[in-house]
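*Asks:* The sequence and its predicted three-dimensional model are supplied below.
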Amino acid sequence: MQDKMKFRYKWCITLFLTLSELAVCYLARAQTSALKAPDISPLSFSGYIEVYYGQDVNKPAAHTRPGFIYSHNKTGEFAVNLAYLKASYQRQNVRANISLAAGSYMNANYAAEQGVLKNVYEADAGVKISKRRDL
């Protein structure tokens, strides 16, 4: 079970870093293309990372704090509490957002989710249905 969790954690971090690199490449390309054309891209990327170090004086063998502590539950080591990469798309009548996340927050709070859904932090889409009002 511990090996499976380590594999998932490493997979999530690898996925997050890969998506981060893609976002940086896209933003770098967007910077150079912004000099050529005044159009603003409807696609944007953002990210967030929160790292912590906690120390428990009881020194638990598994380096984890009690189950009722749902976030920042690692002890005696540096850990990622929450890291996510968000992609947003917005046009005049359509919008969409998706955020993929990893870290101890996701492992504790989204533990009941199945498979990859455990790493979906935010996902939404919208369509403007009225030309006269903001609906």
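*Replies:* That came in fine, so what should we check first?
*Asks:* rest of the way, CA atoms for contacts and neighbours
*Replies:* Will do.
*Asks:* where does the chain have low pLDDT?
*Replies:* 1-39, 66-70 (pLDDT under 70).
*Asks:* so which strand or helix has the residue lying closest to Glu122 once chain neighbours are set aside?
*Replies:* Using C-alpha to C-alpha, 6 or more residues apart in numbering and skipping the chain neighbours, the partner closest in space to Glu122 is Ser99 (4.9 Å). In this assignment (DSSP states H and E), Ser99 forms part of strand 94-102.
*Asks:* which residues are in contact with that strand?
*Replies:* 9, 12-13, 16, 80-90, 119-128 (C-alpha atoms under 8 Å, 6 or more residues apart in numbering).
*Asks:* Mind listing what's buried along it?
*Replies:* Neighbour-count burial for strand 94-102, counted by 16 or more other C-alpha atoms under 10 Å, picks out 95, 97-102.
*Asks:* Now do the helices in the chain.
*Replies:* 2-36, 104-109 (DSSP state H).
*Asks:* Please write out the alpha-carbon positions of the strand holding Ser99 in CSV.
*Replies:* The C-alpha trace of strand 94-102 is given here as CSV (Å, rounded to 0.1, in the frame of the first residue of the first chain):
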residue,chain,number,x,y,z
VAL,A,94,-17.8,30.8,-23.8
ARG,A,95,-15.6,30.1,-20.8
ALA,A,96,-13.9,27.0,-19.3
ASN,A,97,-11.4,26.3,-16.5
ILE,A,98,-9.5,23.2,-15.4
SER,A,99,-7.0,22.8,-12.6
LEU,A,100,-5.0,19.6,-12.0
ALA,A,101,-3.4,19.4,-8.5
ALA,A,102,-1.2,17.2,-6.4
